[in-house]
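*Asks:* Here you go, sequence then predicted model.
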Amino acid sequence: MTLARRLLIFGCCCGSWHALLAQSVFGRQGNIYFKTATGLIEQVTNGNRDSEPALSPDGKRIVFVRETQKESPNEEAVTSITNRTQLWITDAHSADSAQLLLDSPVEIKGNRYFSFHVPQWSPDGDAVYFQIDYSVVSGAIVRLTVQAKSLSFVAPALEFHVIKTGKFKGDIAALQRRNTLAPSHYEWFWLLRPDGTTIDVIGQSKGDLDLFRETYSASF
């Protein structure tokens, strides 16, 4: 292959990659919008019940949260009253393709949970991670496979970020509340595997998280 041919292929790939990076999604007044690489904004949903969209790694699908109604869970649930939400998935360019991905409640470790938050894609686009109101003091990360609709508990977390690039691509940076030997606790960022096992500590501040991202070329 000639050098010119290699440069042409590299240029095309980079152009496609930058175009993909330029795409984004956002929620406004309960509806989901898709911003194309050229800056065109398309409304994807309507009904004023949708929020927290996340664009798939290939830029073709959007997962988002839809609020349905107030629910009064049974006595086994953590809270007495909560917002009931669902996870939905749609084609990024089609306003008529939205489909229910996961209804609530879901049963995790013997309890039912009615609210889903901050869905995030795995880098391969095969799974979606989201957060539930796991306990009074902490949420938790749950993993959902898109095709099989299989749910698995990952780990408790106050917040989390699925790592999209770099050495730890596919792993998770999570802010966790952990107990000490004394009757106390601390909140630090930890690096977790997709199954929730700990790889290493990241640090105790947002600055430590930023340093981790810079050091390992990790994007969220």
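*Replies:* Ah, there it is. In this text the structure is predicted, and so the values were computed from the model without any measurement. Residues are numbered from 1 along each chain as shown.

*Asks:* And the average pLDDT for stretch 202-220 is what?
*Replies:* Regarding stretch 202-220, the rounded mean pLDDT is 97.

*Asks:* starting at the chain centroid, how far to it?
*Replies:* 18 Å (CA atoms, centre = their mean, to the nearest Å).

*Asks:* For Gln141, give the beta-bridge partners.
*Replies:* In this structure residue 141 is Ile, not Gln. Gln131, Ala155 (DSSP bridges).

*Asks:* quick one: contacts for it?
*Replies:* The contact partners of Ile141, by CB atoms under 8 Å, 6 or more residues apart in numbering, come to Tyr129, Phe130, Gln131, Phe153, Val154, Ala155, Pro156, Ala157, Phe160, Ile172, Ala174, Gly196. C-beta here means a position set from N, CA and C on the backbone, and glycine is covered the same way.

*Asks:* Just give me the neighbour total for the fourth one.
*Replies:* For Phe153, the neighbour count with other CB atoms under 10 Å is 15.

*Asks:* same question, the one 10 residues further on
*Replies:* Under the neighbour criterion other CB under 10 Å, Ile163 is assigned a count of 24.

*Asks:* show me what contacts it?
*Replies:* Contacts of Ile163 by CB under 8 Å, 6+ apart are Pro123, Lys169, Gly170, Asp171, Ile172, Ala173, Ala218, Ser219, Phe220.

*Asks:* Show me the contact partners of stretch 151-161.
*Replies:* 102, 106, 108-109, 118, 120, 129, 131, 134-135, 138-144, 172-177, 187, 192, 194-196, 220.

*Asks:* do the same with stretch 172-180
*Replies:* 129, 137-138, 141, 154-163, 185-194, 202, 209, 212, 218, 220.
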